[in-house]
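Trainee: Show me how the following folds:
(one chain, ligands or ions: 1)
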Amino acid sequence: MNESRSLEDNSPVAQLDGKIPANGSVAFQLTGHRARTLSPEEAEKLAKEQVLVSDFKQLKLEKDAQKNWDLFYKRNSTHFFKDRHWTTREFEELKACREFEHQKLTILEAGCGVGNCLFPLLEEDSDTFAYACDFSPRAVEYIKQNPLYDTQRCKVFQCDLTKDDLLENMPPNSADVVMLIFVLSAVHPEKMRLVLSNIYNVLKPGKCVLFRDYGLYDHAMLRFKSANKLGENFYVRQDGTRSYFFTDELLARLFLSVGYEEVINEYVLRETVNKKEGLCVPRVFLQSKFRKPERET
Ligand SMILES: C[S@@+](CC[C@H](N)C(=O)[O-])C[C@H]1O[C@@H](n2cnc3c(N)ncnc32)[C@H](O)[C@@H]1O
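Mentor: Presented below is the predicted three-dimensional model:
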C-alpha cells in the first residue's frame, strides 16, 4: 500500500498494492487529508436528502442495535466478512510495538465480529495474546467454536462497548494496541465517545488505537436512499444495522475529547474499476491511529 503518497500530490493515482484483483477490476488507492470531491449529481442527491425516519423508529433502532447485529450473524453465519488479510497494516503496527523480538504483546479487538481480523492476526503472530469482544452473543459463540480458538492465546467475551465496562474482563492499562475496525460506524454518534473512553481505560499509556472505518462520501453512503437517512452522515440498512460515515475532523474531535493524541488520521481513497461492467466505484475509508498519552495531564 502506498502510504506515503498524499492526495495533494496531483500525480497519477497509485495502484493498490501493485495488484489487480481476481475479479478483473483494477483498484487504485491514495491516502491523505482531502475527502473525495462529489460529482454535481452526487452533490445534488445528498443536498436533497432529508431525515424522514421518525424519532420513535430511531429510538427503536437504538434499543434493538444488539438484536439487529445478532440477527445479522444468524443470517450470515461466519461467511459475510472476508478474512481481513489486508490487516498487513495492523501486523506491521504490532511489530512496531515490540521493543525486542518475540516480546509478548496483548491486544484488544473491540467489536471483533466472528474473528475475520482476529484469527489471521493470531495465526500470523504467535507472540500475541488477544482479548476480543462484541455485543452479539452469536458472534462471540462463533469465535468460541472456531477450531483456531485457543484460550491460551485469546479470550473472547460479550460486551456492549457503549455500556459494559471493559475492565470487568481485562486489567486496566493492559493492552499494547486496540483495534477498532468498522465498529464505531455502527454506534450511534452520541455514544461514540463512551466507546473511546471505555477503551482508554484498558490501553497502556503511550500505546495506540488502530482505527479503520467508512469515510465521508464512500460509495456505500451514496447508495443509501433518502428514506434510510437517520441524521448527518448516518444511515440505516434494510436489516436495521446502522452506518456512520466519518470526516477526519469529527473523528479527531472525538478521540481528543477523551484525552488521546493524534498520530495519523487520513482518508484512504480507492477506486475500483470494473472494466466488464464499465463501473467505477469510489470507496472512501478513514485510517487513523490515536495514542493514549504516556503521562496524563
Ligand atoms: C461491520 S462489523 C465489523 C466486525 C469486525 N471488526 C471485522 O472487521 O470483521 C461491526 C461489528 O461491531 C459490533 N458492534 C456494533 N456495536 C457494538 C457495540 N456497541 N458494542 C460491541 N460491539 C458492537 C457488531 O456486532 C459487529 O460485529
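
Trainee: The ligand contacts on this structure?
Mentor: 69, 81, 84, 111-113, 116-117, 134-136, 139, 159-162, 181-183, 186-187 (CB under 6 Å from any ligand atom). For every residue, glycine as well, the C-beta is placed using N, CA and C.

Trainee: wait, doesn't Met192 sit right on Ala186?
Mentor: No - counting by CB atoms under 8 Å, Met192 sits too far from Ala186 to count as a contact (10.1 Å).

Trainee: list the buried ones in the helix or strand that contains Cys208?
Mentor: Assigned by DSSP states H and E, Cys208 belongs to strand 203-214. Across strand 203-214, burial judged by 16 or more other CB atoms under 10 Å covers Leu203, Lys204, Lys207, Cys208, Val209, Leu210, Phe211, Arg212, Asp213, Tyr214.

Trainee: Surely Asp176 forms part of a strand?
Mentor: Yes - membership of Asp176 in a strand is supported by DSSP: H, G, I helix; E, B strand; the rest coil.

Trainee: Now that it has come up, it's in contact with Ile107, right?
Mentor: Yes - counting by CB under 8 Å, Asp176 touches Ile107, with 6.4 Å between them.

Trainee: shared neighbours of those two, which are they?
Mentor: Leu94 (CB atoms under 8 Å, 6 or more residues apart in numbering).

Trainee: And the two? Which one has more around it.
Mentor: When Asp176 and Ile107 are compared for neighbours, Ile107 comes out ahead with 25 against 21, by other CB atoms under 10 Å.

Trainee: State whether the more buried one and Ala175 are indeed in contact, as I suppose.
Mentor: Yes - assessed by CB under 8 Å, Ile107 is found in contact with Ala175 at 6.2 Å.

Trainee: Can you check which residues contact both of the two?
Mentor: Tyr131.

Trainee: Return the distance of the nearest residue to Arg36 once chain neighbours are set aside relative to Leu122.
Mentor: Nearest non-adjacent residue to Arg36, counting by CB to CB, 6 or more residues apart in numbering: Tyr217, 4.5 Å away. According to CB to CB, to the nearest Å, Tyr217 stands 34 Å off from Leu122.

Trainee: With neighbour numbers in mind, choose between the two.
Mentor: Remark: of Tyr217 and Leu122, Tyr217 carries more neighbours, 23 against 20, as counted by other CB under 10 Å.

Trainee: Identify the residues contacting that one.
Mentor: Tyr217 neighbours (CB under 8 Å, 6+ apart): Ala35, Arg36, Leu38, Glu42, Phe245, Pro282, Val284.

Trainee: Need the pLDDT of Gly278.
Mentor: Note on Gly278: pLDDT of 74.

Trainee: Check the one 10 residues further on too.
Mentor: In this prediction, Ser288 carries a pLDDT score of 94.

Trainee: Walk me through which strands the helix or strand harbouring it pairs with, and which way each runs.
Mentor: Applying DSSP H and E as the criterion places Ser288 in strand 279-291. When pairing is defined by DSSP bridges, strand 279-291 lines up against strand 203-214 (antiparallel), strand 261-274 (antiparallel).

Trainee: Regarding the closest residue to the ligand within the stretch 51-200 of the chain, what is its secondary structure?
Mentor: Among all residues of the stretch 51-200 of the chain, Gly113 sits closest to the ligand, at 3.0 Å; criterion: CB to the nearest ligand atom. Of the three states, Gly113 takes coil under three-state DSSP.

Trainee: which stretches of this protein have low pLDDT?
Mentor: By pLDDT under 70, the weakly predicted segments of the chain are 1-29, 78-91, 274, 296-297.

Trainee: Contacts only, for Val192.
Mentor: Actually, residue 192 is Met. It isn't Val. Leu184, Tyr244, Leu254.

Trainee: For the second one, give its distance to Cys117.
Mentor: When you say that, I think you mean Tyr244. 19 Å.

Trainee: These two: which has the busier surroundings?
Mentor: The neighbour count for Tyr244 versus Cys117, taken as other CB under 10 Å, is higher for Cys117 (25 against 22).

Trainee: For the buried ones among the contacts of Tyr217, write the corresponding ChimeraX selection.
Mentor: In ChimeraX syntax, the buried subset of these is picked out as below (16+ other CB under 10 Å):
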select :35,36,38,245,282,284
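
Trainee: Show me the strands in the chain, by range?
Mentor: With strands called from DSSP state E, the chain shows them at 14-15, 26-32, 105-110, 128-134, 154-158, 175-181, 203-214, 229-231, 234-236, 242-244, 261-274, 279-291.

Trainee: Of all the ones you listed, which one is nearest Ser77?
Mentor: The closest of the strands of the chain to Ser77 is strand 128-134. By CB to CB, the value is 14.6 Å.
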